[in-house]
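Colleague: for reference, the sequence and a predicted model appear below.
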Amino acid sequence: MEKINLEKLMQSQFDAAKSSLNLATTFGIIVLLINILVTFVSAISTYLVIVVAGFTILNMIFQWRSDKLRGTAEATLRKFDLHNGLGWEISSREITNLLASAPNSVKKAARSTEEYTYFASTQDKGPVRLLENLEESAWWTWNQAKRMSKYVGVFGVVILVIAFLTLIVALQNTPSQTSADNIAKITIVVIVFIFSGGYIRLAFDYNLLFHSAKEIENQAHRLRQEPNISEIEAIKLLHDYQIIRANGPLFPSWLWRMVRTELNELWQTRLSG
């Protein structure tokens with residue numbers, strides 16, 4: 001079987017999942033904007049109802065596709081964790097199954113000859129290398145999750161505050177009852193969208209991922225200092241982390257572009273120290 005670039009394969013799988021999630025979010029925002037527009041329309045057109053239904057269905061389809069692609073990406077990453085850390089081979093059958101239903105962009109990336117180093121550890125394959133990889137992965141995860149928890153939390157709170165203030169001011173100062181009613185409807189639509197879209201919960205999910213990944217990093221660091229590291233203990237801790245990682249929310253691509261230089265420098269400083 002031809003050589004597969006596992007690092008690029010994983011990266012492209014997660015990128016595909018994020019792209020589908022971005023489309024799902026876009027369709028959700030379109031539905032929100034149409035619902036706001038409907039506030040100013042006395043009679044709702046049948047075609048407009050069909051359009052809203054269509055975009056709602058597209059939102060669900062791309063959300064489902066994102067979840068499916070991410071599940072495949074997480075499965076690849078779990079195999080790669082053990083392959084890179086302990087030297088466990090990934091069979092051609094497993095690779096073929098991963099590529100069978102993958103998008104063309106993923107298949108193309110899997111055949112890339114570009115060098116891409118996923119983990120920085122220089123240890124030989126074994127429990128120590130597995131724990132070093134785990135410590136590095138958990139460190140990157142909690143640093144990104146901490147930032148996203150703040151960003152999403154602030155975004156949600158700001159939108160809610162603006163919505164409620166707008167509603168209060170409108171009800172007190174708008175002379176026209178129709179205008180006040182319209183503003184109230186728009187405010188309610190926005191508030192429902194923030195909660196139904198999961199943006200408030202998302203901040204808590206990122207915060208949970210932050211604390212859980214940080215604890216895993218601390219455990220991996222402590223276990224790595226022990227004189228006789230058990231392979232079973234290392235795999236068990238890795239398994240706990242993989243569950244936490246798979247159940248946590250995705251990190252958007254723009255976050256990686258924004259923090260990678262800073263975090264790379266911090267990680268290199270940590271390694272040199």
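Modeller: Right, received. Where do you want to start?
Colleague: in the least confident helix or strand in the chain by mean pLDDT, what's buried?
Modeller: Scoring the helices and strands of the chain by mean pLDDT, DSSP states H and E places helix 177-196 at the bottom, with a mean of 73. The neighbour-count check on helix 177-196 (16 or more other Cβ atoms under 10 Å) flags 180, 182-184, 186-187, 189-191, 193-194 as buried. Where C-beta positions appear, they are placed from N, C-alpha and C, glycine not excepted.
Colleague: quick one: the next helix or strand after that helix to helix 177-196, angle?
Modeller: Counting by DSSP states H and E, the next helix or strand C-terminal to helix 177-196 is helix 199-224. Counting by axes from the mean of the first three to the mean of the last three Cα atoms, to 10 degrees, helix 199-224 lies at 20 degrees to helix 177-196.
Colleague: average pLDDT for helix 199-224?
Modeller: Helix 199-224 shows a mean pLDDT of 93.
Colleague: just stretch 244-256 next, same as before
Modeller: 92.
Colleague: residues contacting stretch 250-261, please?
Modeller: Contacts with stretch 250-261, where a contact means Cβ atoms under 8 Å, 6 or more residues apart in numbering, come from 14-15, 17-18, 21-22, 66, 70, 143-145, 147-148.
Colleague: give me the low-pLDDT residue ranges for the chain?
Modeller: The chain contains residues with pLDDT under 70 at 1-2, 39-45, 170-171, 173-180, 273.
Colleague: give me the domain ranges for it.
Modeller: Following automatic domain parsing, one finds the domains of the chain at 1-118, 125-273.
Colleague: sorry, back to before: tell me what the least confident helix or strand of the chain is packed against?
Modeller: helix 6-39, helix 127-173 (3 or more Cβ pairs under 8 Å, 6 or more residues apart in numbering; DSSP states H and E).
Colleague: which among those is found nearest to residue 230?
Modeller: Of all those, helix 127-173 sits nearest to residue 230, with 6.9 Å by Cβ to Cβ.
Colleague: fine by me, we can end here.
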